[in-house]
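*Asks:* Provided below are the primary sequence and the corresponding predicted coordinates.
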Amino acid sequence: MLKSETSVIAATVVLFIVFSFSEGFLTSYNFFNLSRTAAMFIAIAIGQSLVIIVGGMNIALGAIGGLSAILMGYFVEVHHVNEVLAIIIGIAVGAACGLFNGFLIVRFNINSFVATLATSFVFTGLLYSISKGNPFKDFSEQFTFVGRVGFLQIPILLWIVIIMLILLFYIFRFTVFGRSMLATGGNEASARMSGINTMRIIVIANILSGLIAAIAAMLSSSRLGIAPASLGSDWLITSFAVAVIGGALL
């Protein structure tokens, strides 16, 4: 593990040095945009990591994010719902989708890959049924503020992701629930015999994954200024790649 992390750091340093010779790379504007992109990648990877940790995967991560964002935009633009309430609804929908995934996995003993692959088609179908393939863009400046402005020259998006990482570090390092998640992913049978309710842990992990996917979708919509129907369609490879490079073990 240490060798792998060292290789990643070394590769990053080499790439940084190479791109430093490119005009415009070492500018505050470029670093600001790179930070926003990195923040989105990290947020997406967190959603995937939560299920990888318990020994599963969430193929429907992007579809959950897309559906959450589209519903948020739908309520704002069509029903003129307050944006804060619409965001809460979108995040709740993400958590509900995660709950549905977790229920299928533990109740019917379906492999997480198969279960979430199937639900990804369901969620994507709902997404396009609501949006008709059109983006929702009737958002206020207050909504786009989070995705486009920085604090201390660091994007607010990155600050939010840093807070999420700190919370996850605390959960996995200092809470019984976090250690139970790690134990479930390490050896589910042994964890069950140790008195851990592994089915409950897996369901909660999927709920959290859906919730984080919805939050990532809200942040992405804030950055773009719209909620497009295609949001989340390119998350799958990114979610696994960043999670694995970051240390999650498949």
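*Replies:* Yes, it's here.
*Asks:* need the helices for this structure, in chain order.
*Replies:* Counting by DSSP state H, the chain has helices at residues 2-20, 28-53, 61-77, 83-107, 112-131, 141-148, 156-174, 176-186, 188-193, 198-224, 235-245.
*Asks:* quick one: the first one to chain centroid distance?
*Replies:* In this case it means helix 2-20. Shown here is helix 2-20, whose average C-alpha point lies 24 Å from the average C-alpha point of the whole chain (Cα atoms, centre = their mean, to the nearest Å).
*Asks:* pretty sure residue 110 contacts residue 101?
*Replies:* No: here residue 110 lies out of contact with residue 101, judged by Cβ atoms under 8 Å, at a distance of 9.7 Å. All C-beta atoms are positioned from the backbone trio N, CA, C, and that covers glycine.
*Asks:* which one of the two has more residues nearby?
*Replies:* In terms of neighbours (other Cβ atoms under 10 Å), residue 101 is the more surrounded of residue 110 and residue 101; the figures are 32 against 14.
*Asks:* let me see the contact set for the more buried one.
*Replies:* Residues in contact with residue 101 (Cβ atoms under 8 Å, 6 or more residues apart in numbering) are 58, 60, 112, 115-116, 119, 206, 209-210.
*Asks:* would you check how far apart the most centrally placed residue in the chain and residue 121 are?
*Replies:* Taking Cα atoms, centre = their mean as the criterion, residue 44 is the residue nearest the geometric centre of the chain, at 3.0 Å. The span separating residue 44 from residue 121 equals 20 Å under the rule Cβ to Cβ, to the nearest Å.
*Asks:* check the gap between the nearest residue to residue 153 once chain neighbours are set aside and residue 53 for me.
*Replies:* Nearest-residue entry for residue 153: residue 28, 6.6 Å, with adjacent residues in sequence omitted and distances by Cβ to Cβ, 6 or more residues apart in numbering. Taking Cβ to Cβ as the measure, residue 28 and residue 53 are separated by 36 Å.
*Asks:* again with residue 183
*Replies:* In this structure, residue 183 lies at 10 Å from residue 53, with Cβ to Cβ as the measure.
*Asks:* could you do residue 180 as well?
*Replies:* 11 Å.
*Asks:* hang on, the earlier thing: give me the more crowded residue out of residue 28 and residue 53.
*Replies:* When neighbours are counted by other Cβ under 10 Å, residue 53 comes out ahead of the other of residue 28 and residue 53, with 22 against 9.
*Asks:* and the more buried one, how far from residue 152?
*Replies:* For residue 53, the distance to residue 152 equals 32 Å [Cβ to Cβ].
*Asks:* likewise residue 79?
*Replies:* Distance, residue 79 to residue 152, by Cβ to Cβ: 37 Å.
*Asks:* which one's more surrounded, those two?
*Replies:* Applying other Cβ under 10 Å to residue 79 and residue 152 shows that residue 79 carries more neighbours, namely 8 against 5.
*Asks:* from residue 67, how far off is that one?
*Replies:* 17 Å.
*Asks:* what's the answer for residue 105, then?
*Replies:* As defined by Cβ to Cβ, residue 105 lies at a distance of 19 Å from residue 67.
*Asks:* tell me which of these two has more neighbours.
*Replies:* The residue with more neighbours, out of residue 105 and residue 67 and counting by other Cβ under 10 Å, is residue 67; that gives 30 against 24.
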